[in-house]
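Visitor: Build the 3D model from these lines:
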Amino acid sequence: MYRSRLDKNLDKHTLDYVSSISDDSEIAIYDIIGSQAHSIMLYENKILSKSEVKKILVALEKLKKQNLSDKSSAEDIHELIETLVIQRTGLAAGGKMHTARSRNDQVALDLRMKIRDDINTICNCILDMVETLVVLAEKHTATAMPLYTHLQQAQIGTFSHFLISYADALLRDFERFYDTFGRVNHSPLGAGPVGGTSLPINRNSTARMLGFSGIVENSIDATSNRDVVAEYVGHVAILMTNLSRIAEDLVIWSTSEFSFVELSDQFSSPSSVMPQKKNPDILELTRGKTARVIGNLVAILSNLKGLASGYGRDLQEIKPSVFLSSSTAISALVVLNSMFATLKVNKQKMNQIADSGYLAALDIAEALVKEGLPFRTAHKIVGKLVQIAHESKISLSELTASEVARSVSEREFDAKRLGKIISSINAQSSLQSRSSLGSAGIAEQKRLITKRKFTIRQYQKNMARRSALITSAIEKLSAKVRLLSR
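Guide: Model (predicted):
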């Protein structure tokens, strides 16, 4: 339909090469809604007659119920929808639907509407998962477990502290998406191919009808820039990286060697030959899918970095990367949220490990600091204690009086007093005494949880308000469509 400048149509192989129909099903509904708003604007500005706009709107409304993913000779969803409208209305009416716009501003519009909805979906999924993590954390504020650096046991902590760390990372993801929404939520429609139009259109009117907060003003910028698309997929890549790290923790903790947690059967897979296996396939796939999303971001940035200003067909190849990134992130959030909701926590094993070994070393050193010793002196004494205990293959609490005496000189500290300090420190006393802001201390865990609950409620209210604005605008547009279709 768009090849009037050329003598011949595309052959089958070339059409398959250039066509984006198989990808465009993701944006078909947005193209229809955008076309409705554009047609109403043309009518309001006396470019379409009442009879013409009625025919176009009725045809578009019927297309909402039609499967547009079937094979077609159209190059993309925009050509397909226009062709179907013209078939239903005749060229005299349907041929005017594309007045004062281009496929260039159409696809930019559809992408922004799609990403706008995906951002809201992802934001709500993040809040759902954060809420699940906080609810689980509240049950485990006193569940002691090792904290790690370099994958080596470092300090005594709580399982709730890990969960809140996940929640905080996800809340930052939420904030990134929430802020990006404001940059996405501007309409490029009416910018035309690149330089605007001489026809008397009202770009602000279509923007309002579609629930946008404004327009992308410069027509070159509106049609050729995809920086907000790259920004969005960049945030998806960061989100997936956070989820991958969480998945890796659960993979490690669910091993027989750790046995800190057990995944529900519905989130595990058996081996094809080893009947005893319970594999964390869902978590491993989260790590694998993260690599694909990072690849999508690289593909988008690689596409954009060499383009001159003004639309280029290269931009068509960005769409699959966006759609796949969105669907992957949404699925990962839903699955991992359900996984945490059904997670079995082995409190006994966690507490046992936290109370063994040398995890209390820093607590002993800090107790010596409270007795007036310089930290470096305390560090040296406790380091000697750990060395002696390690050589004897015992925990610090199992050290004898003579072994304690070997670790400290009289001028440094009284050995008997040191022995009493060692015997008084365990996992629970460590967690009770931890008091710094953001620490793993039990009292601090409760404060952190209360604060996160408040944050979740505020963000949920903000999301409800923002979603309501878009819903209201689309409902008003639908009412206009019904009125003009009578």
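
Visitor: Pick out the residue nearest the middle of this structure.
Guide: Nearest to the mean C-alpha position of the chain, by CA atoms, centre = their mean, lies Leu239 at 4.2 Å.

Visitor: Give me the longest helix you can find in the chain.
Guide: Criterion DSSP state H: the longest helix present in the chain is helix 442-484.

Visitor: helices and strands around that helix, which ones?
Guide: Here helix 442-484 touches helix 28-44, helix 50-63, helix 103-138, helix 159-184, helix 203-209, helix 427-433, going by 3 or more CB pairs under 8 Å, 6 or more residues apart in numbering; DSSP states H and E. For every residue, glycine as well, the C-beta is placed using N, CA and C.

Visitor: which ones are touching the residue nearest to the centre of the chain?
Guide: 122, 126, 170, 173, 177, 329 (CB atoms under 8 Å, 6 or more residues apart in numbering).

Visitor: Does the first one touch Ser326 like I think?
Guide: What it means is Ile122. Yes: taking CB atoms under 8 Å as the definition, Ile122 is a contact partner of Ser326 at 7.4 Å.

Visitor: shared neighbours, the two?
Guide: Val236.

Visitor: could I get the helices and strands packed on helix 442-484 as CSV with mean pLDDT?
Guide: CSV is the format used below for the helices and strands packed on helix 442-484 (pLDDT from 0 to 100):
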stretch, mean pLDDT
helix 28-44, 97
helix 50-63, 97
helix 103-138, 97
helix 159-184, 98
helix 203-209, 98
helix 427-433, 94
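
Visitor: out of these, nearest to Leu263?
Guide: helix 103-138 (13.9 Å; CB to CB).

Visitor: Put together JSON lines for the helices and strands packed on helix 442-484, with mean neighbour count on each row.
Guide: JSON lines is the format used below for those (neighbours: other CB atoms under 10 Å):
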{"stretch": "helix 28-44", "mean neighbour count": "23"}
{"stretch": "helix 50-63", "mean neighbour count": "20"}
{"stretch": "helix 103-138", "mean neighbour count": "22"}
{"stretch": "helix 159-184", "mean neighbour count": "20"}
{"stretch": "helix 203-209", "mean neighbour count": "21"}
{"stretch": "helix 427-433", "mean neighbour count": "19"}
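
Visitor: out of the ones you listed, nearest to Asp249?
Guide: Here helix 159-184 is closest among those (CB to CB), at 7.2 Å.

Visitor: element containing the residue nearest to the centre of the chain?
Guide: Per DSSP states H and E, Leu239 falls inside helix 227-253.

Visitor: any idea of the mean pLDDT for that helix?
Guide: Helix 227-253 shows a mean pLDDT of 97.

Visitor: what's the angle from it to helix 159-184?
Guide: On the basis of axes from the mean of the first three to the mean of the last three CA atoms, to 10 degrees, helix 227-253 is oriented at 170 degrees to helix 159-184.

Visitor: how far off helix 103-138 does helix 227-253 point, in degrees?
Guide: Using the same axes, to 10 degrees: helix 227-253 against helix 103-138 is 30 degrees.

Visitor: Quick check: next helix or strand after helix 227-253?
Guide: With DSSP H and E setting the assignment, the helix or strand that follows helix 227-253 is strand 261-262.

Visitor: Show me which of the contacts of Leu239 is closest to Leu362.
Guide: Leu170 (28.5 Å).

Visitor: just to revisit the earlier point, how far does the longest helix of the chain sit from the chain's center?
Guide: 17 Å (CA atoms, centre = their mean, to the nearest Å).

Visitor: now do stretch 86-95
Guide: Centre to centre, stretch against its chain (CA atoms, centre = their mean), the figure for stretch 86-95 is 42 Å.

Visitor: what's in contact with it?
Guide: 51-52, 55-56, 58-59, 62, 82, 85, 97.

Visitor: from these, which two are the most distant?
Guide: Of all pairs in the contacts of stretch 86-95, the most separated under CB to CB is Ser51 and Glu82 at 18.7 Å.

Visitor: Counting neighbours, what do you get for the closest residue to Glu262 other than its chain neighbours?
Guide: Once flanking residues are discounted, Glu262 sits nearest to Lys344: 4.1 Å by CB to CB, 6 or more residues apart in numbering. Residues lying near Lys344 (other CB atoms under 10 Å) number 11.

Visitor: likewise Gly383?
Guide: Around Gly383 there are 13 residues (other CB under 10 Å).

Visitor: now the strands for the stretch 251-400 of the chain?
Guide: 261-262, 344-345 (DSSP state E, counting those that start in this stretch).

Visitor: one step back: tell me which of the helices and strands packed on helix 442-484 lies nearest to Thr455.
Guide: So among these, helix 159-184 is nearest, using CB to CB, at 6.6 Å.

Visitor: and for the helix or strand just after the closest one, what are the contacting residues?
Guide: On the C-terminal side of helix 159-184, the closest following helix or strand by DSSP H and E is strand 186-187. Identification of contacts with strand 186-187 by CB under 8 Å, 6+ apart yields 109, 112, 203, 206-207, 210, 212-216.

Visitor: can you check stretch 477-486 too?
Guide: For stretch 477-486, using CB under 8 Å, 6+ apart, the contacting residues are 33, 36-37, 40, 43, 50, 53-54, 57-58, 60-61, 209-210.

Visitor: one step back: adding distance to Lys370, write the helices and strands packed on helix 442-484 out as JSON lines.
Guide: Converted to JSON lines, the helices and strands packed on helix 442-484 look like this (distance: least, CB to CB, whole Å):
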{"stretch": "helix 28-44", "distance to Lys370": "63"}
{"stretch": "helix 50-63", "distance to Lys370": "74"}
{"stretch": "helix 103-138", "distance to Lys370": "29"}
{"stretch": "helix 159-184", "distance to Lys370": "23"}
{"stretch": "helix 203-209", "distance to Lys370": "63"}
{"stretch": "helix 427-433", "distance to Lys370": "10"}
